[in-house]
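*Asks:* Starting from these lines, generate the structure:
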Amino acid sequence: MTSDVPILAPPAAGGEQADPRRWLTLVILLLAGFMNLLDVSIVNIAIPSIQRDLHASYADVQWALAGYTLAYALVLITGGRLGDTFGRKRLFLIGVAGFTIMSALCGAATGPGMLIGCRVVQGAMGAIMVPQVLAVIQVIFPPRERIKALAGFGVTAGLGTVSGPLLGGLLIQHNLFGLGWRPIFLINVPVGIIAFVASAYLVRESKAANPPKLDPVGVTLISAALLLLLYPLVQGRQFGWPAWTFVSMACSVPVLAVFIGYERIKARRDGSPLVQLSLFRDRAFSVGMTVAMTFFLGIASFGLVLTLFLQLGLGFTPLHAGLTFLPFSAGVLVASGAAARLAPRFGRGVTMAGALIIAAGMAALIGLVHHYGAAVTTWDLVPGLAAAGLGLGAVIAPLADIVLARVPERDAGSASGLFNTGLQLGNSIGIALIGVIFFALLGSQSAAAATAAAPQLRSGLAAAGVPAQYTGPIVTQFGDCLHARLVAADPTVTPAACRPAHGQVLPAAAHPVLASAGGSAVRTDFAASVVRTLWFQVGVFLLSFLLMFGLPAGAGKHAPVPAGEPGEARAMAPAGAASEGAAA
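*Replies:* All right, here's what the predicted structure looks like:
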């Protein structure tokens, strides 16, 4: 996501001479934007490889994803304000340099703690870098050309969505220079260097005439409230849900109340709070923000669950998993363009149709995985994934227009930044919640999966020559081992329940039998857990559909603004934000 604080930038006036290097500048800006978008979608594919290499727990994986999006969300509005105050070119260069350095450090990570820390800083650097992209576009392009530049931004967002899983799969599959998953981060280094050098030469400096003041206290308070909520959600399972996890989540409510109170005081004092609370008096904005956060609870969390299912559950290679994502990504790309044309005529009806389509896509995936079970293939998943992608693409662009359309000009930057921040927060909270649901289901259903694999195990052990009196204890230990593996905080460490009993010696022929039965049980357990987990997504998207009835009846309907009209810049800005929203 990116903040639309750039709307506050003074656009090139009709009488000014346009920057002769504007199109080459646009290419460099979009290159940096693509680098950021790619890093959001490419990491999912690498999750199993990172777990094996760094001995990372499931909670570590969640933090590597949620930490990036959380930092990105919290710094977005401030990142745009910094550019308005100190110069957009300067902040863009700082963001590109920081993002590139953090990418290199992520690629060199020696443990999960280092990876998570670098990902958090990387997200913050992305939030400093990306808002300046739309700001500079707003400044260097005259109104009649701005629609083409923003269209390029939207295409870049779509390409980032489509190419992330596939490129990640290719890099990991071919194991470049024996580096495994690390090239998914290291690939940013040469791209970042090119973007930095070229933008230092091409991008012209600009600042806002009357920039809003920064709000470090507001950032601190909202960060504290979110960490009090998210930290126990992500870590609670690993720690066994001690009392402090529930106390922490409860404390997030009063801290959020303090934040709201402080923002009201700051609005009266200097008119530049982090969040302009007066925006919520407009029904389209307040309901639209609620819809956006609710809807995005199901987006990034779906990507996490599908990745774990494909690679850890079904044993797909990273490349195979990346190719499996393509129907979803392509659906987003196709529907985003179609929705932008249909929304002015049908308004909120487009978003409501999109919410129903993505819910139907998730329901189709539930039915397909339930029907085929552990034998499900990529081709079996194509219809559900394509429908889900079409639904996502149909929602995000029109929803951004609905939320931002009636915002006063003086609050346009705050509103756009808040909208994109809401999407990222929804992603972060969704990842945390889905981790609680999915991993709990894996453990609770392990006994059923072990029972389903028992006949295969018994017959295999008999064929391997294991005496009958040993078969029963082995089958019992098999169930205990399966449960211990599925609930283990670190999936790369062999649990004690999986080690042979003292003095127990199995014939060599029994080992492949146990491995085969174990693989079958894991696939069965993952398939059953995915079937149940995806009901969370269905519920989230249906709830979003119902919330959309709260939007004004005519929300989103408007006549297109003719090229060159003064309102064009305003009309195009939400589309830019929405295009990138689809990439998450």
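*Asks:* low pLDDT regions in the stretch 451-584 of the chain?
*Replies:* Residues of the stretch 451-584 of the chain meeting the criterion pLDDT under 70: 489-493, 501-506, 556, 558-584.
*Asks:* State the distance from Ile434 to Ala208.
*Replies:* 39 Å (Cβ to Cβ, to the nearest Å). Any C-beta I mention is one placed from the backbone N, CA and C, and that applies to glycine too.
*Asks:* Leaving out sequence neighbours, find the closest residue to Ala73.
*Replies:* Of all residues not flanking Ala73 in the chain, Gln424 sits nearest, at 3.3 Å (Cβ to Cβ, 6 or more residues apart in numbering).
*Asks:* Check the contact between the one you found and Ala71; I expect there is one.
*Replies:* No. Using Cβ atoms under 8 Å as the test, Gln424 is too far from Ala71 to be in contact (9.2 Å).
*Asks:* higher neighbour count, these two?
*Replies:* Ranked by neighbour count (other Cβ atoms under 10 Å), Gln424 and Ala71 place Gln424 first, with 27 against 22.
*Asks:* From the contact counts, what lies against whichever strand or helix holds that one?
*Replies:* Using DSSP states H and E, Gln424 maps to helix 412-444. Counting contacts by 3 or more Cβ pairs under 8 Å, 6 or more residues apart in numbering; DSSP states H and E, helix 412-444 packs against helix 58-86, helix 216-239, helix 283-296, helix 299-308, helix 378-404, helix 468-487, helix 510-547, helix 568-583.
*Asks:* Just want the angle from the longest one to helix 468-487.
*Replies:* Taking axes from the mean of the first three to the mean of the last three Cα atoms, to 10 degrees, one finds that helix 510-547 is oriented at 40 degrees with respect to helix 468-487.
*Asks:* Neighbours of Asp436, how many?
*Replies:* In this structure residue 436 is Val, not Asp. 16.
*Asks:* in the helix holding Gln424, what counts as buried?
*Replies:* Going by neighbour count (16 or more other Cβ atoms under 10 Å), the buried part of helix 412-444 is 412-439, 441-444.
*Asks:* Just want the angle from that helix to helix 216-239.
*Replies:* Angle, helix 412-444 to helix 216-239, by the same axes, to 10 degrees: 10 degrees.
*Asks:* Check which element follows helix 412-444 along the chain.
*Replies:* In N-to-C order, the element after helix 412-444 by DSSP H and E is helix 446-463.
*Asks:* what is the orientation angle of that next one with helix 412-444?
*Replies:* Angle, helix 446-463 to helix 412-444, by the same axes, to 10 degrees: 40 degrees.
*Asks:* list the helices and strands helix 446-463 packs on?
*Replies:* helix 468-487, helix 510-547.
*Asks:* deepest of these, which one?
*Replies:* Most buried of the helices and strands packed on helix 446-463, by mean neighbour count (mean count of other Cβ atoms under 10 Å): helix 510-547, with a mean of 20.
*Asks:* mind listing what's buried in the host helix or strand of Arg269?
*Replies:* Take DSSP H and E as the rule and Arg269 turns out to sit in helix 243-270. Buried residues in helix 243-270, counting neighbours by 16+ other Cβ under 10 Å, are found at 245, 248-249, 251-252, 255-256, 259, 262-263, 266-267.
*Asks:* cool, and stretch 22-42?
*Replies:* Neighbour counts over stretch 22-42 (16+ other Cβ under 10 Å) mark 22, 25-26, 28-42 as buried.
*Asks:* Pretty sure Gly21 sits against Leu202.
*Replies:* Gly isn't right for residue 21; it's Arg. Yes. If you go by Cβ under 8 Å, Arg21 and Leu202 touch, sitting 5.5 Å apart.
*Asks:* Compare neighbour counts for the two and give me the winner.
*Replies:* Counted by other Cβ under 10 Å, Arg21 and Leu202 do not tie: Leu202 has more neighbours, with 19 against 14.
*Asks:* Now the more buried one. Nearest residue, chain neighbours left out?
*Replies:* Distance criterion Cβ to Cβ, 6+ apart; nearest residue to Leu202, sequence neighbours excluded, is Thr25 at 4.6 Å.
*Asks:* residue contacts, the one you found?
*Replies:* Contacts for Thr25 (Cβ atoms under 8 Å, 6 or more residues apart in numbering) come out as 19, 136, 140, 199, 202-203.
*Asks:* Do you know the pLDDT at the spatially closest residue to Tyr58 that is not a sequence neighbour?
*Replies:* Nearest residue to Tyr58, sequence neighbours excluded (Cβ to Cβ, 6+ apart): Phe439, at 5.7 Å. Note on Phe439: pLDDT of 84.
*Asks:* can you check Gln138 too?
*Replies:* At Gln138, pLDDT is 69.
*Asks:* Likewise for the one 5 residues further on?
*Replies:* Pro143 is assigned a pLDDT of 65 by the prediction.
*Asks:* same deal with Ala9?
*Replies:* The score at Ala9 is 40. That number is its pLDDT.
*Asks:* Likewise for Leu385?
*Replies:* Leu385 carries a pLDDT score of 95 in this model.
*Asks:* That one: what's it in contact with?
*Replies:* Applying Cβ under 8 Å, 6+ apart to Leu385 gives the contacts 324-325, 327-328, 331, 361, 365.
*Asks:* what's the answer for Leu433, then?
*Replies:* Per Cβ under 8 Å, 6+ apart, neighbours of Leu433: 233, 297, 301, 536.
*Asks:* Mind putting these into TSV with distance to Val487?
*Replies:* Putting the contacts of Leu433 into TSV (distance: Cβ to Cβ, whole Å) gives the following:
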residue	distance to Val487
Leu233	17
Leu297	24
Ser301	20
Phe536	20
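*Asks:* Now rank the residues you listed by neighbours and give me the top one.
*Replies:* In terms of neighbour count, Ser301 stands highest of the contacts of Leu433 at 29 neighbours, by other Cβ under 10 Å.
*Asks:* Might one say that that one is in contact with Phe536?
*Replies:* Yes. Contact criterion Cβ under 8 Å: Ser301 and Phe536 qualify, at 7.5 Å.
*Asks:* which neighbours do those two share?
*Replies:* Common neighbours of Ser301 and Phe536 (Cβ under 8 Å, 6+ apart) are 433-434.
*Asks:* What number of residues are in the vicinity of Leu54?
*Replies:* By the other Cβ under 10 Å criterion, the neighbourhood of Leu54 contains 21 residues.
*Asks:* Excluding chain neighbours, what is closest to it?
*Replies:* Pro112 (5.1 Å).
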